[in-house]
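Student: Quick one, fold the following:
(chains A and B)
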2 protein chains.
Amino acid sequence: MRYGIAVFPSKKVQDVANSYRKRYDPHYALIPPHITLKEPFDAEEDEIEEKIIPELKQIAKNTEPFSYGIYKVSSFSPVTNTIYLKVEPSEEIFDLNEKLHTGSLPDKKDFKFVPHITIAQKLSDDEFFDVYGSLSMNKFDIQDNIGRFQLLYQLENGAWSVYETFRLGEG
Amino acid sequence: MRYGIAVFPSKKVQDVANSYRKRYDPHYALIPPHITLKEPFDAEEDEIEEKIIPELKQIAKNTEPFSYGIYKVSSFSPVTNTIYLKVEPSEEIFDLNEKLHTGSLPDKKDFKFVPHITIAQKLSDDEFFDVYGSLSMNKFDIQDNIGRFQLLYQLENGAWSVYETFRLGEG
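Tutor: Purely as a prediction, here's the structure:
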């Protein structure tokens, strides 16, 4: 099965993100707004239960909850036409991302870690310039907390279902 | 905020349910296939953190994982035109539903508990008779396990996001 690790931000942030995703993100229906902490990886359920979950518990236990800010949108253009709420980089979120690539956890990293919440993707070039031109004028002043992360798995229809929650500071 | 408690069945069951939901369930995009264990209730986040989550942990800890079977579809007609995969009733699932209505947990029960996984809803009468006539011929022979339940909250767009997972036998 295909697994991933993400943080679901608080309701207020998810509601803001969804107000854009509804129009601009074809993955709107597949998963709520999220910060991906680890790119999708394939694993057997035995391995998940016996090796990966115990390690994730340990990582959660050894990581204190932390806060983050969102102040603007940004984009991965020209690599892709993805537009996102930029999660202000912090030592805490980079540390957590690093820890999630240690031990038995797959260490594959195709991309440099850029913490973000996608709000638009798979736009045509014309749409992208139009939408990004408009969204990039928006300023945000959002403070939010990360107190947990979630292990998810992907269904046949592409949607993601939560397998387990890990509370920071607890495990 | 509005909270609910549900079980997400295994991937194989979710994939079966989604093959029908895609066509017949307008809530397809709002939540993965699930067994509702407790009807939605309103609560403040403080109350969730301080009272409800500790009780849910305790309930999970005192409940052993259990298996269930799915053998056929059934419907809530004539009350509503909802069609569902019938979760074969068992003492374990009724006990768990009962426990989730004790202590600080809201005890409101508008409906008798009928464990099920919705695969079609909000059909017109004509659609209902057509779709149910066809689906009710299907026989299933699915065995699945319940090893956890999830506390969810509802976003402004109606979608549900997982707040926390509780592992049966652990908490």
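Student: ok so A:T165 is a strand residue?
Tutor: Yes: assigned with DSSP: H, G, I helix; E, B strand; the rest coil, A:T165 falls within a strand.
Student: Just give me the neighbour total for it.
Tutor: Using other CB atoms under 10 Å in any protein chain shown, A:T165 is surrounded by 22 other residues. Using the backbone N, CA and C atoms, a C-beta is placed for each residue, glycine as well.
Student: all helices for chain A, in order.
Tutor: Counting by DSSP state H, chain A has helices at residues A:11-24, A:45-47, A:53-61, A:91-99, A:125-135.
Student: and the residue in chain A positioned nearest to chain B, what is it in contact with?
Tutor: Minimum separation of chain A from chain B (CB to the nearest CB) falls at A:A29, amounting to 3.2 Å. Neighbour list for A:A29: A:159, B:28-29 [criterion: CB atoms under 8 Å, 6 or more residues apart in numbering or on different chains].
Student: ok, back up a step: how about the helices of chain A, which one is nearest B:D125?
Tutor: Counting by CB to CB, B:D125 lies closest to helix A:11-24 out of these; the figure is 30.5 Å.
Student: List the contacts of the residue nearest to A:F113 when sequence neighbours are not counted.
Tutor: Closest residue in space to A:F113, ignoring its immediate chain neighbours: A:N97 at 4.7 Å, by CB to CB, 6 or more residues apart in numbering or on different chains. By CB under 8 Å, 6+ apart, A:N97 lies in contact with A:37-38, A:113, A:115.
Student: okay, those in CSV with neighbour count and pLDDT next?
Tutor: CSV is the format used below for those (neighbours: other CB atoms under 10 Å in any protein chain shown; pLDDT from 0 to 100):
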residue, neighbour count, pLDDT
A:L37, 20, 97
A:K38, 23, 95
A:F113, 18, 94
A:P115, 22, 97
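Student: Let me have these in a markdown table, extended by distance to A:E92.
Tutor: Formatted as a markdown table, the contacts of A:N97 follow (distance: CB to CB, whole Å):
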| residue | distance to A:E92 |
| --- | --- |
| A:L37 | 12 |
| A:K38 | 16 |
| A:F113 | 13 |
| A:P115 | 10 |
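Student: What's the separation between the residue of chain A closest to chain B and B:P26?
Tutor: Distance, A:A29 to B:P26, using CB to CB, to the nearest Å: 11 Å.
Student: Same question for A:S136.
Tutor: Applying CB to CB to A:S136 and B:P26 gives a distance of 34 Å.
Student: tell me which parts of chain A are close to chain B?
Tutor: Counting by CB under 8 Å from any CB of the partner chain, the residues of chain A close to chain B are A:1, A:8, A:11, A:14-15, A:18, A:22, A:28-29, A:32, A:148, A:150, A:153, A:155-157, A:159-165, A:167.
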